[in-house]
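[1] Below are the sequence and a predicted model for it; my questions follow.
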Amino acid sequence: MEIADRRAVTIHYTLKNDADELLESSQGRDPLTYLHGVGNIVPGLEKALAGKQAGDVVKASLAPADAYGAHEEQRVRNVPLRKLPEARVRAGQRYRVQTDRGPINALVTAVKGDYATVDLNHPFAGMNLHFEVTVVGVREATAEELEHGHVHEPGGHHHH
Ligand code: ZN
């Protein structure tokens, strides 16, 4: 079965940056299952995987526009320390922050006086991403999965 919209796709993947450093990998873990065609994964990777089938190996190098977008300066903000959850805030810490687009990870990039500089961009924003993907399986999504916009795998997603 080929990868197409409204199908559940299981992949193993490795993600590297321009310097060939490993950013993420499913190796040694359960493979990732996602619903194709609804933006569960970055748009450039969906495009690269369309039409492939189990056993195929796909390499895709994506510019930021096809991945997590540009790094936007207006998403870097100064936040009063009292608004952050930790007693001791240090550069390099990450926080989960609620936004109107859902929860995101914010990175503290600097602390000065009573303020921390917080970067709300996705950690991979502004980066070229190099994926190597092995397609493990493709199946039709269930009606419930299509309605929810995500897959329901055993041991994976439980209900909200
Ligand atoms: Zn669900």
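    Received the coordinates, thanks. Please read these numbers as outputs of a predicted model, since none were measured by experiment.
[2] Three-state assignment for the most centrally placed residue in the chain, please.
    The residue lying closest to the centre of the chain (Cα atoms, centre = their mean) is Ile41, at 6.5 Å. Here Ile41 is recorded as coil under DSSP: H, G, I helix; E, B strand; the rest coil.
[3] Which neighbouring elements make contact with the helix or strand of the chain with the lowest mean pLDDT?
    The weakest-scoring helix or strand in the chain, judged by mean pLDDT, DSSP states H and E, is strand 94-99 (a mean of 79). Contacts defined by 3 or more Cβ pairs under 8 Å, 6 or more residues apart in numbering; DSSP states H and E place strand 94-99 against strand 102-112. Glycine gets a C-beta too; all of them are placed from N, C-alpha and C.
[4] Could you check the angle the strand it packs on makes with strand 94-99?
    On the basis of axes from the mean of the first three to the mean of the last three Cα atoms, to 10 degrees, strand 102-112 is oriented at 130 degrees to strand 94-99.
[5] List the pairing partners of strand 102-112 within its sheet, with orientation.
    According to DSSP bridges, strand 102-112 forms sheet pairs with strand 94-99 (antiparallel), strand 115-119 (antiparallel).
[6] Contacts made by it with the rest, please.
    Contact with strand 102-112 is made by 76, 81, 84, 89-97, 116-120, 122-123, as judged by Cβ atoms under 8 Å, 6 or more residues apart in numbering.
[7] returning to that earlier point: just checking, the residue nearest to the centre of the chain touches Tyr34?
    Yes. Using Cβ atoms under 8 Å, Ile41 is in contact with Tyr34, at 5.4 Å.
[8] Next up, the contacts around the residue with the largest distance to the centre of the chain.
    Going by Cα atoms, centre = their mean, the residue of the chain most distant from its centre is Gly113, 32.9 Å out. The contact partners of Gly113, taken as Cβ under 8 Å, 6+ apart, number zero.
[9] Residue ranges of each domain in this protein, please.
    7-63+126-148, 73-119 (automatic domain parsing).
[10] end to end, how far does the last one reach?
    Read it as domain 73-119. This stretch, domain 73-119, spans 8 Å end to end (Cα to Cα, to the nearest Å).
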